[in-house]
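**Student:** fold the following.
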Amino acid sequence: MNGFMDTVMLVLFVLFMFGLFGGYHKDKYAKREAEEQRQKEKELQEDSSKES
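**Tutor:** Residues are numbered from 1 along each chain as shown. Modelled structure (predicted):
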């Protein structure tokens, strides 16, 4: 029984760590994408204001 509980706890811990790090990196990726989008919009505004 003790070996079984150790295995269950290990599996749950690994799943928890995947969720934790996966969520962190997904959040960082979303922020990076939003920043790139803002940068592109800013460049487009600057280009259109130069043409006017």
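
**Student:** which pLDDT does the model give the residue sitting nearest the centre point of the chain?
**Tutor:** The centroid of the chain falls nearest to Lys26 when counting by C-alpha atoms, centre = their mean (1.7 Å). Here, the pLDDT recorded for Lys26 equals 89.

**Student:** so how far is Met17 from it?
**Tutor:** 14 Å (C-beta to C-beta, to the nearest Å). Bear in mind the C-beta positions are built from the backbone N, C-alpha and C, glycine included.

**Student:** for Glu46, same thing?
**Tutor:** 43 Å.

**Student:** swap in Gln45?
**Tutor:** 42 Å.

**Student:** number of residues surrounding Phe18?
**Tutor:** 10 (other C-beta atoms under 10 Å).

**Student:** give me the helices and strands touching the helix or strand containing Tyr24, please.
**Tutor:** Counting by DSSP states H and E, the element that carries Tyr24 is helix 2-51. For helix 2-51, there is no helix or strand it packs on, judged by 3 or more C-beta pairs under 8 Å, 6 or more residues apart in numbering; DSSP states H and E.

**Student:** centre of the chain to it, how far?
**Tutor:** 0 Å (C-alpha atoms, centre = their mean, to the nearest Å).

**Student:** going forward, begin numbering at 249 instead of 1
**Tutor:** Taking 249 as the first residue, the last one we looked at is helix 250-299.

**Student:** residues near His273, how many?
**Tutor:** 10.

**Student:** also Phe252?
**Tutor:** Phe252, neighbours per other C-beta under 10 Å, totals 8.
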